[in-house]
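**Student:** Pasting a predicted model and its sequence here:
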Amino acid sequence: MLRGQLNDALKTAMLGKDTRTVATVRLILAALKDRDIAARPRGLSDGIPDEEILQMLQSMIKQRRESIVLYEQGGRLELAEQEAEEITVIERFLPRQMTADEVEAAIGSVIADLGATGIKDMGRIMAALKERYAGRMDFARASAAVKARLGAA
């Protein structure tokens with residue numbers, strides 16, 4: 001499903017002469033092709049599933065956010081702006097992100113489902129969150145929230 005959306009977006013952007021979108025979608029498709037090739041030994045000859053594509057898109061956004069900080073520190077505002085534009089394009093392909101309240105509720109639900117009691121359960125909780133909410137949750141922020149909740153328990 002996501003592959004089709006990416007290819008359609010590339011065609012539309014090319015017809016509309018939207019150079020930023022064309023360049024960004026081409027970057028996404030190149031990264032996707034690399035991941036597909038790497039997945040072949042795992043028996044995924046048709047390519048990686050949508051959940052892994054969503055994770056890839058989130059990691060691309062994270063990389064760009066880190067780059068923006070570095071570019072701004074270095075006084076390269078035009079490059080920071082370019083990275084921000086790429087984030088906007090990438091976010092088009094992600095499902096709606098969960099609000100902070102929804103993330104807290106999801107964390108509480110997973111902790112209750114797993115019967116987690118302490119920080120030693122952190123790995124199981126994060127794995128369950130990634131399985132249930134791939135592409136919809138910022139897992140770096142979720143990790144901090146899980147730590148805070150388990151530390152308080």
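**Tutor:** Right, received. Where do you want to start? Numbering: from 1, shown residues only.

**Student:** where's residue 113 relative to residue 126, distance?
**Tutor:** 14 Å (Cβ to Cβ, to the nearest Å). Every residue, glycine included, has its C-beta placed from N, CA and C.

**Student:** for residue 142, that is, sorry about that
**Tutor:** Residue 142 is 7 Å from residue 126, by Cβ to Cβ.

**Student:** higher neighbour count, those two?
**Tutor:** More crowded of residue 142 and residue 126, by other Cβ atoms under 10 Å: residue 142, with 21 against 17.

**Student:** tell me the mean pLDDT over the helix or strand where the more buried one lies?
**Tutor:** Applying DSSP states H and E as the criterion places residue 142 in helix 139-152. Helix 139-152 shows a mean pLDDT of 82.

**Student:** now it: how far from the chain's centre is it?
**Tutor:** Centroid separation between helix 139-152 and its chain, computed with Cα atoms, centre = their mean, to the nearest Å, is 18 Å.

**Student:** What helices and strands are in contact with whichever helix in the chain runs longest?
**Tutor:** Using DSSP state H to define each element, the chain has its longest helix at helix 50-73. Packing contacts for helix 50-73, counted by 3 or more Cβ pairs under 8 Å, 6 or more residues apart in numbering; DSSP states H and E, involve helix 2-15, helix 19-39, helix 77-91.

**Student:** Now distance to residue 66 and mean neighbour count too, for those, in CSV please.
**Tutor:** Shown next, in CSV, are the helices and strands packed on helix 50-73 (distance: least, Cβ to Cβ, whole Å; neighbours: other Cβ atoms under 10 Å):
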stretch, distance to residue 66, mean neighbour count
helix 2-15, 23, 14
helix 19-39, 16, 16
helix 77-91, 9, 16
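
**Student:** Brilliant, that's me finished.
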